[in-house]
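In: predicted coordinates and the sequence they were generated for:
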Amino acid sequence: MDDLEDYERRIGQALDRIGAGIEALDALELRYPSAGGPAGDDAEKAELAEALAAERDANAQLNERVRLLHEKQAGVVAPLEARVQALLKQVDEQALELQKLKATNVQLRETMRAMRETAEGGGEDGLAAELAELKAARAAELAELDSILAELKPLIGETSHA
């Protein structure tokens with residue numbers, strides 16, 4: 001984006017210089033007609049016209065480059081922004097789900113603690129099995145969150161360089 005702004009600024013400055021140069025040449029020609037006679041005037045005018053044409057060509061090329069850069073940028077940035085937005089939405093949804101899971105986990109721990117306190121000898125085997133199931137479910141959810149984060153990290157890195 002900075003390159004485009006720089007090109008636009010440079011093109012504007014070049015056009016300003018060209019305009020000022022033409023005005024200065026016209027003013028000089030009116031005040032001090034060249035002493036070279038008609039042949040000298042024609043040659044000088046032809047040389048100036050050629051220089052002006054070259055500047056116009058350079059200006060047209062710069063304008064075309066700026067236009068192409070704008071098109072290229074729009075073609076690259078828009079899909080990336082849409083993808084980032086979709087991923088951010090997914091991360092937000094996952095964060096909400098994680099909060100729910102944490103709250104459920106706290107409730108389960110409290111329930112387990114209460115059950116342990118009230119359980120007698122034989123009830124501990126059932127509680128241990130239930131606790132193992134809860135740990136396995138939590139590990140699976142953490143693995144899923146890790147995979148989502150692994151997919152997001154490269155995408156976040158891409159957009160920071162764009």
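Out: All right, it came through fine. Numbering: from 1, shown residues only.
In: Ile22 in helix, strand or coil?
Out: Put simply, Ile22 is helix when judged by DSSP: H, G, I helix; E, B strand; the rest coil.
In: for it, what are its contacts?
Out: Each residue near Ile22 by C-beta atoms under 8 Å, 6 or more residues apart in numbering is listed here: Leu52. C-beta here means a position set from N, CA and C on the backbone, and glycine is covered the same way.
In: pLDDT score assigned to it?
Out: Listed pLDDT for Ile22 reads 83.
In: count the residues that sit near Ala129.
Out: Per other C-beta atoms under 10 Å, the neighbour tally for Ala129 reads 10.
In: sorry, wrong one. I was asking about Ile156.
Out: There are 13 residues near Ile156, going by other C-beta under 10 Å.
In: now name the helix or strand holding it.
Out: helix 123-161 (DSSP states H and E).
In: buried residues, that helix. List them.
Out: By 16 or more other C-beta atoms under 10 Å, the buried positions in helix 123-161 come out as Leu131, Leu145, Leu152.
In: out of these, which one sits closest to Ala95?
Out: Leu145 (9.3 Å; C-beta to C-beta).
In: ok, back up a step: now the buried residues of helix 123-161 in a markdown table, with distance to Asp92 and pLDDT?
Out: Converted to a markdown table, those look like this (distance: C-beta to C-beta, whole Å; pLDDT from 0 to 100):
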| residue | distance to Asp92 | pLDDT |
| --- | --- | --- |
| Leu131 | 31 | 84 |
| Leu145 | 13 | 88 |
| Leu152 | 12 | 83 |
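In: Leu88: which of the residues you listed is nearest?
Out: Set against Leu88, the nearest of the buried residues of helix 123-161 by C-beta to C-beta is Leu152 (8.7 Å).
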